[in-house]
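Visitor: Next input, structure requested:
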Amino acid sequence: TAILDGDLTTSFGARIQLWKIGLDVFQAHPWFGVGPGNYQTAMNERLEVETGTKIGFSHAHNMFVNVLVRDGILGLVAFIGMFVVSFAVVIRTPHQNSASRKNFLTLLCGIQLVYLVAGSVGLAIGHDITDAVFVAGSVFALYGLLFQYAH
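Guide: Presented below is the predicted three-dimensional model:
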């Protein structure tokens with residue numbers, strides 16, 4: 001209700017402002033973004049111009065906006081590649097239709113889907129513990145899918 005009334009002072013309203021500003025910064029640097037280490041400065045300067053508020057945010061609470069701002073279109077393609085490549089490898093690998101394969105595929109789909117959805121309203125990738133869970137779960141699932149019949 002607050003957002004529909006134009007009040008962007010809520011937690012979600014602040015996210016909307018950050019997403020908009022992030023997309024504006026991305027449009028100014030579409031191919032390579034602002035580069036690693038420059039995200040916070042670029043976003044905070046634009047936030048102050050847009051809102052008159054001097055607030056420091058380390059991320060836009062949206063991993064897609066973060067990647068676009070920091071790394072541009074090329075970075076977003078590489079980021080999405082983490083998800084696409086793992087599924088392409090699994091699909092192209094000969095396999096037996098077994099219960100354990102279904103379990104590993106469910107784990108892979110589940111962990112990657114959760115991180116994609118969580119990242120759309122937060123920062124799933126970029127915090128050490130969530131990165132560790134994502135990488136470990138993905139590697140474990142891919143190992144089970146690709147090497148369980150390798151012997």
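Visitor: use CA for all of it now, contacts and neighbours both
Guide: Will do.
Visitor: and stretch 99-116, what's its mean pLDDT?
Guide: Regarding stretch 99-116, the rounded mean pLDDT is 83.
Visitor: Which positions in the helix or strand hosting Leu145 come out as buried?
Guide: The secondary structure element spanning Leu145 is helix 128-147 (assigned by DSSP states H and E). Neighbour counts over helix 128-147 (16 or more other CA atoms under 10 Å) mark 134, 137-138, 141-142, 144-146 as buried.
Visitor: Next: stretch 18-26.
Guide: 18-23, 25-26.
Visitor: what's the average pLDDT for it?
Guide: The model assigns stretch 18-26 a mean pLDDT of 91.
Visitor: ok now it, how far from the chain's centre?
Guide: The chain centroid and the centroid of stretch 18-26 are separated by 15 Å under CA atoms, centre = their mean, to the nearest Å.
Visitor: Then stretch 37-53?
Guide: Mean-position distance between stretch 37-53 and its chain equals 20 Å (CA atoms, centre = their mean).
Visitor: Can you mark which positions in it are buried?
Guide: Residues 39-40, 42-47 are the ones in stretch 37-53 that count as buried (16+ other CA under 10 Å).
Visitor: Quick one: residues contacting Ser138.
Guide: 107-108, 111-112 (CA atoms under 8 Å, 6 or more residues apart in numbering).
Visitor: Which of these has the largest number of neighbours?
Guide: Highest neighbour count within the contacts of Ser138: Leu108, with 23 neighbours (other CA atoms under 10 Å).
Visitor: quick one: contacts for that one?
Guide: Neighbouring residues of Leu108 by CA under 8 Å, 6+ apart: 137-138, 141-142.
Visitor: So what does the spatially most central residue of the chain have for phi and psi?
Guide: Centroid check for the chain by CA atoms, centre = their mean gives Met63 as the closest residue, at 3.4 Å. Backbone torsions for Met63, taken as degrees, to the nearest 10, come to phi -70, psi -30.
Visitor: pLDDT score assigned to it?
Guide: pLDDT, read off for Met63, is 85.
Visitor: Also Asp7?
Guide: On pLDDT, Asp7 comes in at 67.
Visitor: what do you get for Gly35?
Guide: 92.
Visitor: Likewise for Ser120?
Guide: As predicted, Ser120 sits at a pLDDT of 72.
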